[in-house]
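> Any chance you can model this:
(2 chains)
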Amino acid sequence: DTGVSQDPRHKITKRGQNVTFRCDPISEHNRLYWYRQTLGQGPEFLTYFQNEAQLEKSRLLSDRFSAERPKGSFSTLEIQRTEQGDSAMYLCATLPGEANTEAFFGQGTRLTVV
Amino acid sequence: AQTVTQSQPEMSVQEAETVTLSCTYDTSESNYYLFWYKQPPSRQMILVIRQEAYKQQNATENRFSVNFQKAAKSFSLKISDSQLGDTAMYFCASSSGTYKYIFGTGTRLKVLA
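Presented below is the predicted three-dimensional model:
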């Protein structure tokens, strides 16, 4: 297990369709974060899991967005009824534990809504 | 609320020269961390250097060093002996509490041969 893995790397979808992204963390990293990065901007926090518990959600996360982390392993981020404004890079990051502050990032899923 | 500001959208530097990227931040937390991350084109972000706010000594990692001015809430990154592989987007970030990161808008650095 060499890093955080995200799937798919690219997704093109029509407006109104639902999409789901997956993040596989580094083993034993119990903290998992989703971020959204639009062109020319830094990543913005969406939500945070500690193990299977979703502990924080940003106001950016509208009710069309839902995230899960069953059994505290991989995580999924679903966007329902996609809009063109959802086009962005979705990044997953994980941290190993309480004392370690370095986040490890996946390569991201680039979503294009047409 | 935490904010991070990077005022230099783009910078360039000649190979082997030194460049400094600027970052200012604001936070009401007493215990926080500051980071510089590098995002090469089409590749994932990787940590360049980090600083614990309670440490007065500036962090260094090989050719990378920071100038941490806590009172001024400034956290600049100095890259010495710039290499072509340093070409990337550089993001300044802060974290505290739940360790979610607050990022700046980034500085695109181009190292010229």
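> ok and the residue in chain B nearest chain A?
Per CB to the nearest CB, B:Phe103 is where chain B lies closest to chain A, at 3.2 Å. Any C-beta I mention is one placed from the backbone N, CA and C, and that applies to glycine too.
> Ignoring the adjacent residues along the chain, who's closest to that residue?
A:Gly42 (3.2 Å; CB to CB, 6 or more residues apart in numbering or on different chains).
> wait, what's in contact with B:Leu112?
B:12-15 (CB atoms under 8 Å, 6 or more residues apart in numbering or on different chains).
> wait, which of those is closest to B:Lys110?
Using CB to CB, B:Ser12 is the member of the contacts of B:Leu112 that lies nearest B:Lys110, at 4.4 Å.
> Pull the contacting residues for the residue nearest the centre of chain A.
Centroid-nearest residue in chain A: A:Trp34, 3.4 Å away (criterion: CA atoms, centre = their mean). For A:Trp34, the contact set (CB under 8 Å, 6+ apart) comprises A:23, A:45-48, A:67, A:75, A:77, A:90-92.
> can those residues go into TSV with extra columns for secondary structure?
Shown next, in TSV, are these (DSSP: H, G, I helix; E, B strand; the rest coil):
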residue	secondary structure
A:Cys23	strand
A:Phe45	strand
A:Leu46	strand
A:Thr47	strand
A:Tyr48	strand
A:Ala67	strand
A:Ser75	strand
A:Leu77	strand
A:Tyr90	strand
A:Leu91	strand
A:Cys92	strand
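> Pull out whichever of the residues you listed are also neighbours of chain B.
The subset of the contacts of A:Trp34 within reach of chain B, by CB under 8 Å from any CB of the partner chain, is A:45, A:48, A:91.
> between those residues, which is closest to B:Ile79?
Nearest to B:Ile79, judged by CB to CB, of the ones next to chain B among the contacts of A:Trp34 is A:Leu91 at 23.6 Å.
> Thank you, goodbye.
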